[in-house]
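Participant: predicted model follows, preceded by the sequence.
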Amino acid sequence: MPGGKKARASREAPQVVIVGGGVMGCAAAHELGRRGLAVTVLERSVPGAEASSAAAGILGAQVESHNPGPLTELGLRSLELYPALVKELERASGVSVGYRRSGVLKVAYGAPALSQLARESAWQARAGLPLAKLTRRALREREPALSPELAGGLWFERDATLDPRSLLVALRVAAARAGAEFRSGSFVKRVAERGGRAIGVELDDGSVVRGTHVVLAAGSWTSLVARPDSAAPRVVPARGQIVELKTNVPLLSSVVFGPDCYVVPRADGRLLVGSTLEFVGFRREVTAGAVAKLLAAAIRLVPALNEAELSASWSSVRPYTQDELPLLGPSATPGLLWMSGHYRNGILLAPISAKIVADCVQGRKPPLALGPFSPDRRATGSA
Ligand SMILES: Cc1cc2nc3c(=O)[nH]c(=O)nc-3n(C[C@H](O)[C@H](O)[C@H](O)COP(=O)(O)OP(=O)(O)OC[C@H]3O[C@@H](n4cnc5c(N)ncnc54)[C@H](O)[C@@H]3O)c2cc1C
């Protein structure tokens with residue numbers, strides 16, 4: 001190729017700058033890298049430092065869906081992408097992400113509460129999604145460690161689980177192997193623009209990192225990055241606390257959602273109990289009251305947990321939007337894309353979000369309509 005043509009081609013090729021190295025930034029970097037695009041991830045701390053490593057790792061496309069709609073569709077499509085993605089990541093990185101088609105149980109104390117659960121999820125059966133109602137006996141046959149007090153539950157066989165910390169390591173390594181550059185300790189202050197178009201970002205030391213596209217994936221901090229489209233719905237932090245317990249032998253095989261907590265078993269005998277939902281700004285304490293309530297709910301659900309070792313506790317902040325929908329895809333500012341506001345289900349939604357962002361960068365049609373997730377939709381007020 002003659003020199004001039006080559007120079008022009010490389011000037012026109014997408015150079016993607018991603019703000020934030022959580023599951024969103026890392027998943028986008030991996031997807032863009034494997035498509036052969038140049039990508040740089042700017043992370044103020046280290047990749048995976050925040051919500052993504054604190055998550056429980058439930059891939060609850062069905063258990064977390066309360067009505068049919070675009071978010072449910074997004075979750076189901078993302079869940080379908082996981083088996084192939086896990087295979088690819090584990091091959092490319094050598095890191096096991098602990099993915100299991102564990103299924104999820106949603107259980108109830110008392111017949112009225114069980115009927116209520118069944119009514120709330122009836123639309124899923126009508127939509128052809130796999131769902132079974134379990135009697136008290138069937139529930140205990142499936143999970144003998146569950147409390148005999150429980151009246152029964154619903155079984156979401158397709159929902160799955162993985163270890164988010166391992167997922168983050170695998171994504172980062174696989175993305176780097178696909179050519180993505182990670183710059184830790186890079187605090188992005190603002191989106192740089194020229195003539196109304198995003199041309200990169202400015203860091204807190206005043207330097208500019210240029211790109212043809214900027215992807216905002218800064219989790220709960222996304223709205224704090226100065227940018228031209230300041231009218232976009234706000235992303236605010238929603239704290240969640242988790243307690244980790246350890247038992248000598250695993251007590252459960254599936255994830256269980258009770259009325260006041262969920263429990264997520266890991267293959268090695270660890271078991272996570274989550275979680276709270278608190279709007280307390282960026283405060284990150286683990287509080288005595290939350291731990292007391294989570295433990296009481298978990299021990300009622302699985303009485304043998306009374307003897308479990310309390311091995312760890314942590315909290316982090318979910319990126320929340322008022323309408324509980326993510327901000328995904330192009331904004332009114334050319335070159336500026338959003339990938340944030342995934343709230344309770346960012347681990348689940350990462351694979352489909354990465355494909356959507358990569359398709360938008362490449363000017364391809366995304367796998368589903370982005371209208372409901374548009375960063376330019378009207379803000380519905382502040383949280
Ligand atoms: C307790 C808890 C349990 C959860 N459980 C689940 C679950 O079971 N399943 C599930 O699907 N989801 C779960 N979630 C939700 C999930 O963790 C989030 O939706 C997801 O991690 C959000 O990913 P993210 O990349 O947008 O944000 P984060 O992981 O928070 O990443 C954002 C990154 O941006 C960086 N950053 C911020 N500002 C800047 C800046 N100015 N410059 C450079 N870098 C910046 C931060 O340092 C951070 O690393 C849970 C969340 C919590 C808190």
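Facilitator: Ah, there it is. Residues are numbered from 1 along each chain as shown.

Participant: measure the nearest residue to Ala226 once chain neighbours are set aside to Leu129 for me?
Facilitator: In this structure, Ala226 finds its nearest non-sequential neighbour in Arg190, 3.7 Å apart by C-beta to C-beta, 6 or more residues apart in numbering. In short, each C-beta sits where N, CA and C put it, glycine included. According to C-beta to C-beta, to the nearest Å, Arg190 and Leu129 sit 43 Å apart.

Participant: again, but for Ile58
Facilitator: Per C-beta to C-beta, Ile58 is found 17 Å from Leu129.

Participant: name the residue in those two with the higher neighbour count.
Facilitator: More neighbours surround Ile58 than the other of Ile58 and Leu129, with 26 against 18 (other C-beta atoms under 10 Å).

Participant: now do the contacts for that one.
Facilitator: Applying C-beta atoms under 8 Å, 6 or more residues apart in numbering, one finds that Ile58 lies in contact with 64, 104, 159, 161, 255, 262, 264, 347-348.

Participant: kindly report the same for Val97.
Facilitator: 86, 89-90, 162-163, 166-167, 170.

Participant: now it. Its backbone dihedrals?
Facilitator: Per-residue torsions, Val97: phi -100, psi 0 (degrees, to the nearest 10).

Participant: what pLDDT does it get?
Facilitator: With respect to pLDDT, Val97 has a value of 97.

Participant: next one: it from the ligand, what distance?
Facilitator: 13 Å (C-beta to the nearest ligand atom, to the nearest Å).

Participant: one step back: out of the contacts of Val97, grab the one that's most surrounded.
Facilitator: Leu167 (29 neighbours).

Participant: hang on, Ala28 packs against Ala358?
Facilitator: Yes - Ala28 is in contact with Ala358 according to C-beta atoms under 8 Å; the separation is 6.9 Å.

Participant: between these two, tell me which one has more neighbours.
Facilitator: The neighbour comparison of Ala28 against Ala358 (other C-beta under 10 Å) goes to Ala28, with 30 against 25.

Participant: which residues does that one contact?
Facilitator: Ala28 touches 16, 18, 39, 215, 217, 339, 353-354, 357-358, counting by C-beta under 8 Å, 6+ apart.

Participant: in helices, which of the residues you listed fall?
Facilitator: Cross-referencing those against helices under DSSP state H gives 353-354, 357-358.

Participant: could you dump those residues to CSV with pLDDT and distance to the ligand?
Facilitator: As requested, the ones in helices among the contacts of Ala28 are arranged in CSV below (pLDDT from 0 to 100; distance: C-beta to the nearest ligand atom, whole Å):
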residue, pLDDT, distance to the ligand
Ser353, 98, 9
Ala354, 98, 11
Val357, 98, 12
Ala358, 98, 16
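
Participant: how about the residues you listed in TSV, adding distance to Pro366?
Facilitator: Shown next, in TSV, are the ones in helices among the contacts of Ala28 (distance: C-beta to C-beta, whole Å):
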residue	distance to Pro366
Ser353	10
Ala354	11
Val357	9
Ala358	9
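
Participant: closest to Arg283 among those residues?
Facilitator: Arg283 lies nearest to Ser353 out of the ones in helices among the contacts of Ala28, by C-beta to C-beta, at 27.0 Å.

Participant: was I right about the closest one contacting Met24?
Facilitator: Yes - between Ser353 and Met24 there is a contact under C-beta under 8 Å: 6.2 Å.

Participant: between the two, who's got more neighbours?
Facilitator: Legend: neighbour count by other C-beta under 10 Å for Ser353 and Met24, higher for Met24 (33 against 27).

Participant: quick one: residues contacting whichever residue of the stretch 251-383 of the chain sits closest to the ligand.
Facilitator: The minimum distance from the stretch 251-383 of the chain to the ligand, using C-beta to the nearest ligand atom, falls at Gly346 (2.1 Å). By C-beta under 8 Å, 6+ apart, the contact list for Gly346 reads 22-24, 51-52, 55, 219, 318-319.

Participant: count the residues that sit near the residue lying closest to Asn306 once chain neighbours are set aside.
Facilitator: Leaving out its chain neighbours, the residue that sits closest to Asn306 by C-beta to C-beta, 6+ apart is Ile299, at 5.2 Å. Using other C-beta under 10 Å, Ile299 is surrounded by 18 other residues.

Participant: so what's the backbone phi/psi at Ile299?
Facilitator: Dihedral angles for Ile299 - degrees, to the nearest 10 - are phi -70, psi -30.

Participant: right, and it touches Lys293 too?
Facilitator: No - Ile299 lies out of contact with Lys293 (C-beta under 8 Å); the separation is 11.1 Å.

Participant: now Trp155: closest residue in space, sequence neighbours ignored.
Facilitator: Ala132 (4.4 Å).

Participant: ok, that neighbour to the ligand distance?
Facilitator: Taking C-beta to the nearest ligand atom, one finds Ala132 at 22 Å from the ligand.

Participant: low-confidence regions, the protein specifically.
Facilitator: Within the chain, the stretches with pLDDT under 70 are 1-12, 378-383.

Participant: rerun that using 50 as the cut-off
Facilitator: Confidence mapping of the chain against pLDDT under 50 gives the ranges 1-11, 381-383.

Participant: helices along that one, start to end?
Facilitator: Using DSSP H, the helices of the chain run over 3-12, 23-34, 51-54, 70-93, 111-126, 136-142, 164-177, 288-301, 346-361.

Participant: nearest spatial neighbour of Arg318, skipping sequence neighbours?
Facilitator: Arg318's closest residue in space is Ala238 (C-beta to C-beta, 6+ apart), at 4.5 Å.

Participant: Leu76 too?
Facilitator: Ala61 (4.9 Å).

Participant: about what we covered before: burial measure for the residue nearest to Ala226, as a count.
Facilitator: A count of nearby residues for Arg190, using other C-beta under 10 Å, gives 14.

Participant: close to the ligand: what parts of the stretch 201-350 of the chain are there?
Facilitator: 217-221, 225, 240, 242, 274-275, 316-319, 340, 342-348 (C-beta under 6 Å from any ligand atom).
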